[in-house]
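Enquirer: Test case, fold it:
(4 chains)
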There are 2 protein chains.
Amino acid sequence: MSYETEHIAASLKKARASKGISQRELAKRSGVPQSHISKIESNAVDLRISSLASLAHALDLELELVPRKAAPAVRSIARNAITQNNRGNADALNELNRTLRALNTLPKALQENTATQTLHKQLSEISNLRNTIHQTGALHQLRTTLEAIEGNDGLKEIRKAARDAKRLRNELVHNVAPTETQESKPAYSLDDEEDDDA
Amino acid sequence: MSYETEHIAASLKKARASKGISQRELAKRSGVPQSHISKIESNAVDLRISSLASLAHALDLELELVPRKAAPAVRSIARNAITQNNRGNADALNELNRTLRALNTLPKALQENTATQTLHKQLSEISNLRNTIHQTGALHQLRTTLEAIEGNDGLKEIRKAARDAKRLRNELVHNVAPTETQESKPAYSLDDEEDDDA
DNA sequence: ACCATCGATATATAATAACATATCATTATC
DNA sequence: GATAATGATATGTTATTATATATCGATGGT
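Expert: Numbers count the residues shown, from 1 in each chain, chains lettered A, B, ... in the order given. The predicted structure follows:
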């Protein structure tokens, strides 16, 4: 196949890797079969626009036709957006690590409490979602809440933190940005936000 | 078909109109049949990437997957490139018109010369290529050459102008920018520049 | 009136994408 | 060692694109 289709295939593969999801996960989100995604990413098919659009949508990409003269500027903007996204991810992972450390240095009496263990579990699950974490602000708030606890007087704060962490974890599983309201989302993404491990 | 494919179809149609070429002309340049182009532009097929790439190439466009967040900025850059292209076209047409006027105000003795008639013919043919004309500089030079002619002492200049106009016309027919050297062109566009009306 | 060109539509055929389903070798985790 | 998950590959079927070729009604130029 041509250079152009190869370029598209490489862009899709890179975007999926950057999001940290598997071909099977992308198949679920896009409706395109995993085996077909494998072929697409290795440039083994001349895929249809509708399939490309489905994959692009699932990867938060848009397909644009741009004047050749503007292509270098467009690629630069695309790279900047990716770089900023990666930086947001790095910052959030940093806050997450500091939150875990704050949790682990709580007094022993608090450590053995169920709320603390629930919080720990949620943060571990969040940690497993590595590349999709961008919630630097929310994690920062969790961390400063924990770091403010003195003595054994922190059960209330820990319980609240556990609830916040659970909500954050559920949002991440559905890849829903916490700032979006339900009403503003396009119809095709108004899916249930319940814990899908049930 | 979906919004996304509709968007692509509309972009293709607009780009072709902007270039001022017919579906049959685009079929020649891209290798995609005219009847298929008609279906594509009316969003009646879910076309393959390779076909889209062929059309994009013939229309001086590139296909890019860009992060959704960067899409507004990318569209703005694309619009700017198109606007500048249109402005370049308008400026060139303006110079062309002024060149024709300068030609028409030459002394009668020079008007009846074969070189003058040849020059007029070339400028008319250039005029027929309306949307693809961007050579403001070259046309400006032609115009100032003609405007500098005084009395009947301009045959040499007119002959040179006729040769320049013929070369410009041939370049336009092949849509080759005059600043590009032959060696720097990719192999697929190293086509013959002879007059194809022969 | 005649002619050329346009975009749209029709018909027939061949090639291939899209999909379902299954399985493989490899890797990582417990 | 067992298990789960991964990307790649295989088989079979169906629907659709891509193409060649032709033609139509509409439009514009001479």
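Enquirer: Distance-wise, check the spatially most central residue of chain A relative to chain B.
Expert: Nearest to the mean C-alpha position of chain A, counting by C-alpha atoms, centre = their mean, stands A:Thr132 at 2.0 Å. Distance, A:Thr132 to chain B, using C-beta to the nearest C-beta, to the nearest Å: 14 Å. Where you see a C-beta, it was placed from the backbone N, CA and C, and this is true even at glycine.
Enquirer: wait, isn't that residue in contact with A:Leu172?
Expert: Yes: in terms of C-beta atoms under 8 Å, A:Thr132 counts as a neighbour of A:Leu172; the distance is 5.8 Å.
Enquirer: Please list all residues in contact with the residue nearest to the centre of chain A.
Expert: A:Lys19, A:Gly20, A:Asn89, A:Leu172, A:Asn175 (C-beta atoms under 8 Å, 6 or more residues apart in numbering or on different chains).
Enquirer: For the residues you listed, give me TSV that also has secondary structure, distance to A:Leu139 and pLDDT.
Expert: Shown next, in TSV, are the contacts of A:Thr132 (DSSP: H, G, I helix; E, B strand; the rest coil; distance: C-beta to C-beta, whole Å; pLDDT from 0 to 100):
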residue	secondary structure	distance to A:Leu139	pLDDT
A:Lys19	helix	19	90
A:Gly20	coil	17	90
A:Asn89	helix	12	86
A:Leu172	helix	11	79
A:Asn175	coil	17	62
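Enquirer: re the thing from before, retrieve the pLDDT associated with the residue nearest to the centre of chain A.
Expert: Model confidence at A:Thr132, given as pLDDT, is 78.
Enquirer: Distance-wise, check it relative to B:Ala165.
Expert: 61 Å (C-beta to C-beta, to the nearest Å).
Enquirer: From the recorded domain assignment, give the ranges for chain A.
Expert: A:3-63, A:85-173 (automatic domain parsing).
Enquirer: Compare the mean pLDDT across the ones you listed and name the weakest.
Expert: Minimum mean pLDDT among those: domain A:85-173, a mean of 86.
Enquirer: OK, contacts around A:Ala92?
Expert: So A:Ala92 contacts A:Ile133, A:His134, A:Gln135, A:Thr136, A:Leu139 (C-beta under 8 Å, 6+ apart).
Enquirer: For chain A, which residues are neighbours of DNA strand D?
Expert: A:Ser22, A:Gln23, A:Arg24, A:Glu25, A:Gln34, A:Ser35, A:Ser38, A:Lys39, A:Glu41, A:Ser42, A:Ala44, A:Arg48 (C-beta under 7 Å from any atom of the strand).
Enquirer: which of those residues count as buried?
Expert: With burial judged by 16 or more other C-beta atoms under 10 Å in any protein chain shown, the buried subset of the residues of chain A next to DNA strand D is A:Gln23, A:Glu41, A:Arg48.
Enquirer: Same list, those residues, but only the ones touching DNA strand C.
Expert: Contacts with DNA strand C within those, as defined by C-beta under 7 Å from any atom of the strand: A:Arg48.
Enquirer: out of the buried ones among the residues of chain A next to DNA strand D, who's near chain B?
Expert: A:Arg48 (C-beta under 8 Å from any C-beta of the partner chain).
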